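>>> What follows is a protein structure lacking sequence information:
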């Protein structure tokens, strides 16, 4: 995968082109470490922007991009996915994974029952949720309590989750 999602553009913040950022990085301000963002508003629609400035604001992150000078221009980017080239990312640490690397993995519970494949992640209030799609759909918190093992070579995940819990 050449591009990795680091966040999503939210609503405008103020009138000077600033916007709220939903960051997928840990810590959230890590998204500001990348100066060149590629914004994807839809399939095949990708545009490059330079990050001018950003900061923590309250419990979130706000940023301003080059060429986005007012609230209306910021509003046009709402919902855009923030992506960077995979080659710009540092290698993950021990027991750390990029979400993009796990999408498509087979998910089995501790009893060996195949629940389906990891389709995508959804950010929740307490943690990210893995959305596993098979015969049923399962929303499993992406935390060590439930995500027990990642097998990169075998492209599979082992989770502590009942096949009846959906």
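Now that the structure is in, tell me what you want to look at. What you see is a predicted model; the values in this text were computed from it and never measured.

>>> quick one, what contacts residue 109?
Neighbouring residues of residue 109 by Cβ atoms under 8 Å, 6 or more residues apart in numbering: 115, 158-163. C-beta here means a position set from N, CA and C on the backbone, and glycine is covered the same way.

>>> Are we agreed that residue 150 is in a helix?
No. Counting by DSSP: H, G, I helix; E, B strand; the rest coil, residue 150 is not part of a helix but strand.

>>> just checking, it touches residue 102?
Yes. Between residue 150 and residue 102 there is a contact under Cβ atoms under 8 Å: 7.0 Å.

>>> Find residues that contact each of the two.
Common neighbours of residue 150 and residue 102 (Cβ under 8 Å, 6+ apart) are residue 157.

>>> Look at the two and report which has more neighbours.
A direct count of neighbours by other Cβ atoms under 10 Å for residue 150 and residue 102 places residue 102 higher, at 19 against 16.

>>> Grab the nearest non-local neighbour of that one.
residue 118 (5.6 Å; Cβ to Cβ, 6 or more residues apart in numbering).

>>> how far does the helix or strand harbouring that neighbour sit from the chain's center?
Using DSSP states H and E, residue 118 sits in strand 114-123. In terms of Cα atoms, centre = their mean, to the nearest Å, the centre of strand 114-123 is found 13 Å from the chain centre.

>>> Would you mind pulling the contact partners of that strand?
The contact list for strand 114-123, computed with Cβ under 8 Å, 6+ apart, reads 22, 24, 99, 102-109, 128-139, 142, 157, 159, 161, 163.
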